[in-house]
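K.L.:
coordinates only, sequence not included:
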């Protein structure tokens, strides 16, 4: 799966979780850039990403990920 | 050795001189010796509990690391031949062993904490209710800092398990991390990866004169907050909360406001002292406060108040609960019956309830803590979330613009009022007393009730004291407002020419001498969060 494909599907997940149709994420996007991305929504977001890509984030990744770029790196790695 | 004592300042000075005199590689030994001396100055017996906990965590972390290394070796040897399923299965096997070590160590550590902090009140309660004769652990004292070092050390162990940190080979470095004298008493909650490399650094950046100046200014500012504000406001809040039957209406309101100011000045003052001293040692400690009274809602308040506790519990309690199989399955079951949105919300709210109950319990075994800084806080945030769509509609109807200053002020005042209400439970000796205080608050407000507090408790009389209190509150708000705007008063003063700086130093020194809570009624008070 290419990085572009991952982003295409990831944007849909973000739009669904945060209820905003115009969200577009990139490597540098962080929680501070998206309204409502707080600790309460973080787990919901990760669960939705896990479902979409059939992967599982470990607790280490859950707390370590600094931006969407790192999330995509992990999805890419798992999808190999 | 109290932080507010001259002995502590002398201790810090001597430690600093020795610390600067030895090579960077050896400096952590100085910090370790200072931490041991500092701890022993409070209690000799308790140190064995801390050393025992640190050793337990040290060996557990090595055990976890051993399992990780064994899996890495297996993977290296079988990468080419093993299929994905075998790899996953083997990984899961090694992880299971790690989880067992982490769970066992956590059970022992939390068990000791439970025995020292919660067992006594629980057993007394059971004895009272069922007329039993359970051992009430009367001789068991709460070891100093146990709530802090237990959590911090467990955090390190979990970080090793999560691949965030590597296991430390030297047990004394783990002991230093857990018992570091600047954070042992009331935090902040440090993470291994942030603090340990600083404590044990082999090279250190040389501090400039400007760095030291800024640090000293922060320390002195912290003492001013503690001695000139917190301890002065404490005279009134202690009186109202202790002799709560005496005061009504406005007298009670004054006591509640005074406690809020006291708590903020006390805790944030302590943090200023500790972070400032850390700066002198070249160690950056995490901040615990970020202008909390400017928060727009309760979620934001807790992102700005006691920040490191919130972050610790989020990473080590809240997320693991939500990611547990139990909660995942719950989410799936809810999704089938009530839809996607409910499947996200309900487990999250349940997790929040557990989290806030833990926060309440962390403060103490009393139900007034569990309610005031636990369940009530959960209700604030939960109801805020549930009614958000309604609030949005009302705001639209009333044409309220979120970005307007008046609305921000209203939101901040609302948060402050909600926290003051919660702190009545936090500071009262029980829920019954808190309810009595709140009942008295609603009684007919009479000026004599207000005057009674002052005439009994203050040296200077009501008018002068009220003016002083108003000036203190105005000063706290002004400094926080400047920080909120990104302007640091400390850095500004530090860059000024020497005569301006000297005048400011003298001002602070005079403030400490004149307005510090000394004199006939003065009893040296510990910091509030030391009790937790």
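P.N.:
That came in fine, so what should we check first? Predicted model, so just to flag it, every value in this text is computed and none were measured. Numbers count the residues shown, from 1 in each chain, chains lettered A, B, ... in the order given.
K.L.:
so who does residue B:422 touch?
P.N.:
Contacts for residue B:422 (Cβ atoms under 8 Å, 6 or more residues apart in numbering or on different chains) come out as B:372, B:373, B:376, B:377, B:380. To be clear about C-beta, it is placed using only N, CA and C from the backbone, and glycine gets the same treatment.
K.L.:
who in chain A is up against chain B?
P.N.:
A:17, A:38-40, A:42-44, A:46-47, A:58-60, A:62-64 (Cβ under 8 Å from any Cβ of the partner chain).
K.L.:
state the pLDDT value of whichever residue of the stretch 401-532 of chain B sits closest to chain A.
P.N.:
In the stretch 401-532 of chain B, the residue that lies nearest chain A is residue B:402 (11.6 Å; Cβ to the nearest Cβ). As predicted, residue B:402 sits at a pLDDT of 86.
K.L.:
distance of it from residue B:256?
P.N.:
With the distance defined as Cβ to Cβ, to the nearest Å, residue B:402 ends up 29 Å from residue B:256.
K.L.:
what strand or helix carries the nearest residue to residue B:293 once chain neighbours are set aside?
P.N.:
Nearest-residue entry for residue B:293: residue B:416, 5.5 Å, with adjacent residues in sequence omitted and distances by Cβ to Cβ, 6 or more residues apart in numbering or on different chains. Element membership for residue B:416, per DSSP states H and E: helix B:405-427.
K.L.:
buried residues in that helix, which are they?
P.N.:
Buried residues in helix B:405-427, counted by 16 or more other Cβ atoms under 10 Å in any protein chain shown: B:411-412, B:415-416, B:418-419, B:421-427.
K.L.:
of all the contacts of residue B:422, which comes closest to residue B:62?
P.N.:
The shortest approach to residue B:62 among the contacts of residue B:422 belongs to residue B:373, at 36.1 Å (Cβ to Cβ).
K.L.:
what about the closest one, how many neighbours?
P.N.:
Number of residues near residue B:373 (other Cβ atoms under 10 Å in any protein chain shown) recorded here: 23.
K.L.:
contacting residues around it?
P.N.:
When contacts are counted by Cβ under 8 Å, 6+ apart, residue B:373 is found next to B:359, B:360, B:363, B:422, B:425, B:426.
K.L.:
pLDDT score for it?
P.N.:
With respect to pLDDT, residue B:373 scores 94.
K.L.:
gap between it and residue B:360?
P.N.:
The gap separating residue B:373 from residue B:360 is 5 Å, by Cβ to Cβ.
K.L.:
which of residue B:402 and residue B:256 has more residues huddled nearby?
P.N.:
Neighbour count, other Cβ under 10 Å: between residue B:402 and residue B:256, residue B:256 has more, with 20 against 10.
K.L.:
return the residues in contact with the more buried one.
P.N.:
Residues in contact with residue B:256 (Cβ under 8 Å, 6+ apart) are B:237, B:240, B:420, B:423, B:424, B:437, B:441.
K.L.:
try 10 Å
P.N.:
Contacts for residue B:256 (Cβ atoms under 10 Å, 6 or more residues apart in numbering or on different chains) come out as B:237, B:240, B:241, B:417, B:420, B:421, B:423, B:424, B:427, B:437, B:438, B:441.
K.L.:
also residue B:369?
P.N.:
Each residue near residue B:369 by Cβ under 10 Å, 6+ apart is listed here: B:359, B:360, B:361, B:362, B:363, B:425, B:426, B:431, B:532.
K.L.:
let's see that with 6 Å instead.
P.N.:
Neighbouring residues of residue B:369 by Cβ atoms under 6 Å, 6 or more residues apart in numbering or on different chains: B:360, B:363.
K.L.:
leaving out the residues flanking it, which one is nearest to residue B:343?
P.N.:
Spatially, and ignoring its direct neighbours in sequence, residue B:343 is nearest to residue B:335 (3.5 Å; Cβ to Cβ, 6+ apart).
K.L.:
now that neighbour: how far from residue B:389?
P.N.:
Distance of residue B:335 to residue B:389, given as Cβ to Cβ: 21 Å.
K.L.:
so which of those two has more stuff around it?
P.N.:
Using other Cβ under 10 Å as the criterion, residue B:335 and residue B:389 rank with residue B:335 on top: 15 against 9.
K.L.:
what mean pLDDT does the one helix or strand the more buried one maps to have?
P.N.:
Assigned by DSSP H and E, residue B:335 belongs to helix B:325-338. The pLDDT scores in helix B:325-338 average 89.
K.L.:
and residue B:167, helix, strand or coil?
P.N.:
Following DSSP: H, G, I helix; E, B strand; the rest coil, residue B:167 is assigned to coil.
K.L.:
how about the residue nearest to the spatial centre of chain B: what's its closest non-neighbour residue?
P.N.:
In chain B, the centroid-proximal residue (Cα atoms, centre = their mean) is residue B:306; its distance is 4.2 Å. Closest residue to residue B:306 apart from its sequence neighbours, by Cβ to Cβ, 6+ apart: residue B:288 at 5.8 Å.
K.L.:
got the phi/psi numbers for the one you found?
P.N.:
Here is the backbone geometry of residue B:288 (degrees, to the nearest 10): phi -110, psi -10.
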